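Chemist: can't give you the sequence, but here's the structure:
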Ligand code: TYM
């Protein structure tokens, strides 16, 4: 039986953080064992916010190294760079005719970016979800492993697929956002204000490249709260956030001990953060060191990119044949 096709992407706009890891990459590593997977470093998307390309090469190679360090295996999945697959740009162009400016202007991520970069509200930013739809549908993927923040984009992808099918005939499936957890993940920043993200304050974001001391320092400074006054109280958001991180990297016994301390009103957040800092160091440092080793092996990275490009293009070329056929863009027949 044919396996389901999976696609997901990540922007090379900064260092990979825990939100990326637990929201997306952890699922990708698991999915490569089960599905036909395509994972993509979306360098074109990064140009919507980072037009200066001086550091792009380094960012792409570093990100690729971090993806490999996290467990993506180029023998088990197709790992490639978006700009190596020009067919994505062609599909983006067709989808642009099926996307309405009103709905693009209402997209939450677009509104955020307009606030963040009022001097550079470029058309690429507006049509960002259209390019994302092309990434997904160029492989006719059905599952898209992403964090909670990407949900709206996947819904828009379904709209474009349906509009295309309705207008030109059935070419595309209807992809859905995916997580092995019961809900899509949203990792909060260490100050409890909003989601962890690449561009926000670096002291409230944990990166896979952070040194051991920096990890300890960031967690020490993370927001906590006053100890609860009554047994079995509801945890304030910042405390729930610390517990959430602990559940990801500490042993179940450790979490249980601190849960009991909290419920019995004897919790000492200093101790909890110290333990969390140590467990986080144990979790992050091997990933950091593996990524460093991959980054030092440029010959291997080149090989990974070129094998990935070829496999991804083969899949994209096959889809574009169907797309052009359905759209009636074939104007001459080859004589036999
Ligand atoms: P990007 O590069 O911002 O993030 C990559 C992945 O990390 C997830 N993520 C989070 N998950 C949980 N908590 C957080 N705090 C957190 N921060 C980031 C994101 O949900 C994402 O899954 N538009 C996409 C890139 C993209 C894409 C695609 C994704 C382009 N084409 C096609 C899927 C399919 C983005 O900006 O991700």
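Modeler: Perfect, thanks for sending it. Predicted, not measured: the structure shown is a model, and the values here were computed from it.

Chemist: for the rest of this, base every contact and every neighbour count on C-alpha atoms.
Modeler: Noted.

Chemist: what is the burial count for the residue in the stretch 201-336 of the chain positioned nearest to the ligand?
Modeler: Sorted by distance to the ligand under CA to the nearest ligand atom, the residues of the stretch 201-336 of the chain start with residue 205, at 9.1 Å. A total of 28 residues lie near residue 205 under the criterion other CA atoms under 10 Å.

Chemist: same question, residue 167
Modeler: A total of 11 residues lie near residue 167 under the criterion other CA under 10 Å.

Chemist: again with the one 4 residues further on
Modeler: By other CA under 10 Å, 18 other residues sit near residue 171.

Chemist: so what does the particular helix or strand that has residue 156 in it touch, helix or strand wise?
Modeler: When secondary structure is defined by DSSP states H and E, residue 156 falls within helix 151-168. In terms of contacts (3 or more CA pairs under 8 Å, 6 or more residues apart in numbering; DSSP states H and E), helix 151-168 is packed against helix 128-137, strand 176-178.

Chemist: what would the ones you listed look like in JSON lines with mean pLDDT, distance to residue 271 and mean neighbour count?
Modeler: Output for these, formatted as JSON lines (pLDDT from 0 to 100; distance: least, CA to CA, whole Å; neighbours: other CA atoms under 10 Å):
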{"stretch": "helix 128-137", "mean pLDDT": "98", "distance to residue 271": "43", "mean neighbour count": "25"}
{"stretch": "strand 176-178", "mean pLDDT": "98", "distance to residue 271": "36", "mean neighbour count": "20"}
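
Chemist: related to what we said a few turns ago, confidence score at the residue of the stretch 201-336 of the chain closest to the ligand?
Modeler: Note on residue 205: pLDDT of 96.

Chemist: got it, and residue 192?
Modeler: In this prediction, residue 192 carries a pLDDT score of 81.

Chemist: can you check residue 201 too?
Modeler: Model confidence at residue 201, given as pLDDT, is 83.

Chemist: also residue 300?
Modeler: Residue-level confidence at residue 300 comes out at 98, pLDDT.

Chemist: for it, give me phi and psi.
Modeler: The main-chain torsion angles of residue 300 are listed as degrees, to the nearest 10 and equal phi -70, psi -40.

Chemist: kindly report the same for residue 39.
Modeler: Backbone torsions of residue 39, given as degrees, to the nearest 10, read phi -130, psi 140.

Chemist: burial of it, as a residue count?
Modeler: Residue 39 - counted by other CA under 10 Å - has 28 other residues nearby.

Chemist: go on, the one 4 residues further on?
Modeler: Other residues within reach of residue 43, judged by other CA under 10 Å, total 23.
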